[in-house]
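Asks: Curious how this folds, go ahead:
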Amino acid sequence: MISTKGRYAIRVMIDLAQQNSESYIPLKDIAARQGLSKKYLEIIVKDMVTGGLLTGASGKGGGYKLCRKPEEYSVGEILELMEGKMTSVACLANETNECPRKSECCTLPMWEEYDKMVHDFFYSKKLTDLMEPQPKNV
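Replies: Residues are numbered from 1 along each chain as shown. Alright, predicted model coming up:
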């Protein structure tokens, strides 16, 4: 299951992409537009800055902005940063896949196939695929 942390991170990224600005966007503005707690978003954006998805600046004129163009972000990379590796079963959670039943497990191929489908789905979705057109200022 995707947690609020992962879902809110995607919303923050979409919000920043929709602003289409080279300027830093204050977190209070993002929180207000998204109807989310600024306090909770502070935790989320800190991880996103550390993970290289956003850049942040403090002080007057500070806030957050994307490091790359919106079309260069996949939903998969955002979710993996926030949620960790997304696997369906514990035996696939580590890189070595050293389950003692690996050689005799009849269900392992199914879980591997499922995890690959989930991975490919989220990594094929770009941030721009989720953006709604913004109304033009009249």
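
Asks: for the chain, which spans come out with low pLDDT?
Replies: 96-97, 132-138 (pLDDT under 70).

Asks: quick one, strands of it?
Replies: 54-57, 63-66 (DSSP state E).

Asks: Can you lay out these as CSV showing distance to residue 31 and mean neighbour count?
Replies: Every C-beta, even on glycine, is put in place using the N, C-alpha and C of the backbone. Formatted as CSV, these follow (distance: least, Cβ to Cβ, whole Å; neighbours: other Cβ atoms under 10 Å):
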stretch, distance to residue 31, mean neighbour count
strand 54-57, 14, 16
strand 63-66, 11, 20
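
Asks: Those into a markdown table, with extra columns for distance to residue 25?
Replies: As requested, these are arranged in a markdown table below (distance: least, Cβ to Cβ, whole Å):
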| stretch | distance to residue 25 |
| --- | --- |
| strand 54-57 | 10 |
| strand 63-66 | 5 |
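
Asks: Among those strands, which comes closest to residue 78?
Replies: strand 54-57 (10.3 Å; Cβ to Cβ).

Asks: which neighbours does the closest one have in its sheet, and in what orientation?
Replies: Its sheet considered, strand 54-57 pairs with strand 63-66 (antiparallel) by DSSP bridges.

Asks: got a list of what residue 41 touches?
Replies: 8, 12, 27, 30-31, 34 (Cβ atoms under 8 Å, 6 or more residues apart in numbering).

Asks: Many thanks, have a good one.
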